[in-house]
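Enquirer: Just a sequence and a predicted model for now, questions to come.
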Amino acid sequence: VAGLSGLKVRAAIRAGNNTEAAQAMAPAAARYLLAPTATELLDHQADFEKLGVQPFIADPVVSRDKLKEALSSRLGPKAMVPVNDLSKLLQALDPSWTHEELSKLFKASEHNCDGNVSAVGFVDWLFTVC
């Protein structure tokens, strides 16, 4: 049961220890993210307020559209990103990504011959696949 607690994950996130957070997430992620306790929901809200960010959006369509809008506004209408840069971003967000996993991910996604991927198209693809 201790391995299913979100306490270790939250502590690592608060400490900025991304590697420890990613490693701790595997056993806790399903229970913590899919069925948080009332106390954990209150903790989440306190964390969001402390960090100055909005809580997660439950509707995947709204999440997808907001992400696409943010990418387009920062990268321009074509929103093309080098695969290497997107790979670095994904590893920064989750250090547990391996080179092999990222290679498989990008082989399955659409990208042009120059090694760039449409960020908006990639988001659409992810939300369709997942």
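Expert: The structure has been received and is ready for your questions. Residues are numbered from 1 along each chain as shown.
Enquirer: Name the next helix or strand following the helix or strand of the chain with the lowest mean pLDDT along the chain.
Expert: The helix or strand of the chain with the poorest confidence is helix 18-34; it has a mean of 68 (mean pLDDT, DSSP states H and E). Using DSSP states H and E, the helix or strand that follows helix 18-34 in sequence is helix 38-51.
Enquirer: mean confidence score for the next helix or strand after that next one?
Expert: Per DSSP H and E, helix 38-51 leads on to helix 60-75 as the next helix or strand towards the C-terminus. Average pLDDT, helix 60-75: 87.
Enquirer: Can you name every helix or strand that helix 60-75 contacts?
Expert: helix 119-129 (3 or more C-beta pairs under 8 Å, 6 or more residues apart in numbering; DSSP states H and E). The way it works is simple: take the backbone N, C-alpha and C, and place the C-beta from them, glycine included.
Enquirer: What helices and strands are in contact with the helix it packs on?
Expert: helix 60-75, strand 80-82.
Enquirer: any residues touching it, and which ones?
Expert: With contact meaning C-beta atoms under 8 Å, 6 or more residues apart in numbering, helix 119-129 is reached by 60, 64, 67-68, 71-72, 75, 79-81, 86, 108-110.
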